[in-house]
Every structure is written in structure tokens, then in C-alpha cells.
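> predicted model and sequence below, questions to follow.
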Amino acid sequence: MKKKEIRVSIADDHDLILQGLRRIISMEDDIAIYGEAKNGEEVMVMLKRYQPDVLLLDVNMPVIDGITLLQKIKQQYENVKVIMLTIENDRLTINKAINIGADGYVLKDSAGTQIVSAIRTVYNGEKYIDKALISLLFSEIKNKNAEGVFDCLSQREIEILLNISRGLSNKEIADALYISEKTVKNYITNIFRKLNVSHRVQATIFSIENNIEDYYKSKFGNKE
């Protein structure tokens, strides 16, 4: 049975970026481009016309900036999943976008496979953050973990949260821990409830800010 086509619109004011994204998406049988826009006003017209499943949106759009656009889109087109594209690691902008409701955050120079993975991930209702961006966030954060913030989690939950913070998908976590993907999803539901977070991007940032890597090593050694 043929997979349902994922309708993707692209918003970026750089021709080279548009060409690159067009080439990457054209290689996928189940993803198709529905419209391109080079400024904020064109984005809103494009969304009204095509009603895509996923929008790839440059953070630094002319006329209307990406963050303002994101807010408008989430108010007017709640079913459209938005992946923010950026060339910079700006934690304030990342946090703002996430709080507004960005479904994904990807560096423009990421491999095509990551961009495709991001599209499929958000289309399926999950949040996505670029693995390279996670590494950059790790290098910037210096705080020690807050006392006891992970103590409410079991060892298995810590292992799963650790892998989420490293950018692994549910399937990759399931394969690494030799459990089913359904079991991983059940654990993630419990983790989010215990940490009072809504999605994996919030969980990732929380984990990084509280040094889950150091916590895991101090609590369980290097057993992975």
C-alpha cells in the first residue's frame, strides 16, 4: 500500500537554500513540495493556498520575521507542523520558538537525512531537535544538575531520557535498549508526566540544563 504523501511548504529567502531543500525532498517518494515563499507575507498567502502538512520556516525571514510568523501560523493553522530552520545556535530564540509551539528546530547545514527525518517525525506528531544543535547546547550549558531533579525517575526512565537528549528517535531507543517501540512510548509518557514537560524538545532542554549525562554516570556508572 502506498504511503500517504506528506505535503511540505518551504519558506526561505536564499535561493541556494531553497534549491538544496528542493533537491533533498525530491528524492523522497512520500514527500512533495507545495509552494515556496521568500518573505513573511508570501508565507501566509502560501499557507492559505496549499494548507501543507509541514512548513519549513527560516527563522530570519524578511518582511515578517520567523518567530512572529510562527505565532501567527499556530493561531491560524493549528494543524500545520512547523520546523524552524536556522544557521545560528541562539538559545533564547530556540526557547522562544519552542514555547510558541515550534514542532522542530533544524540547522540549515544539516545532512539531508536529518531534514527528511525531521519532516517525518513532526508529521507523525512528535517534536524534533537537530542532533548537531543538541551538541551545541551541551557545549554552552555549564550548570550543575539541580539536586534531585531526576530522582523521581527509574533507571530505565533515565536511560530513555538520556537517549532522547542525545537526539535518538523512539525506534532507535527501542533498538538500543532491546525493548519494543510501544514500551518506549509508554515510558516517555510517564517521564513527561513526572518532569511536567509536554514534548521531547522540552525534555531534551531540561535534561541538558540539568546535566543528565553527569547524573547518569554518578548514579549508574558507565553501564549503557
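Nice, I can see it.
> quickly list what the nearest residue to Y128 once chain neighbours are set aside is bridged to.
Spatial nearest neighbour of Y128, excluding adjacent residues (CB to CB, 6 or more residues apart in numbering): G104 at 3.8 Å. All C-beta spots, glycine's among them, are computed from the backbone N, C-alpha and C. Taking DSSP bridges, one obtains I83, Y128 as the residues bridged to G104.
> correct me, but G104 touches T86?
No: with contacts counted by CB atoms under 8 Å, G104 stays clear of T86, the gap being 11.0 Å.
> between the two, which one's more packed in?
G104 (26 against 21; other CB atoms under 10 Å).
> tell me the pLDDT of the more buried one.
At G104, the predicted lDDT confidence score is 91.
> which ones are touching it?
K81, V82, I83, M84, A118, T121, V122, K127, Y128, I129, V201 (CB atoms under 8 Å, 6 or more residues apart in numbering).
> wait, isn't the fourth one in contact with L69?
No: between M84 and L69 no contact is recorded; they are 9.8 Å apart, counting by CB under 8 Å.
> give me the common contacts of those two.
Counting by CB under 8 Å, 6+ apart, the contacts common to M84 and L69 are L57.
> for L21, what are its contacts?
Counted by CB under 8 Å, 6+ apart, L21 has contacts I10, D12, L56, I115.
> so what does whichever helix or strand the last one is part of touch, helix or strand wise?
Read that as I115. Secondary structure assignment for I115, by DSSP states H and E: helix 112-123. The contact analysis (3 or more CB pairs under 8 Å, 6 or more residues apart in numbering; DSSP states H and E) places helix 112-123 against strand 6-11, helix 15-26, strand 31-37, strand 54-58, strand 81-86, strand 104-107, strand 128-129.
> now with 6 Å, please.
strand 81-86, strand 104-107, strand 128-129 (3 or more CB pairs under 6 Å, 6 or more residues apart in numbering; DSSP states H and E).
> which residues touch the last one?
It refers to strand 128-129. G104, Y105, A118, T121, V122, V201, T204 (CB atoms under 6 Å, 6 or more residues apart in numbering).
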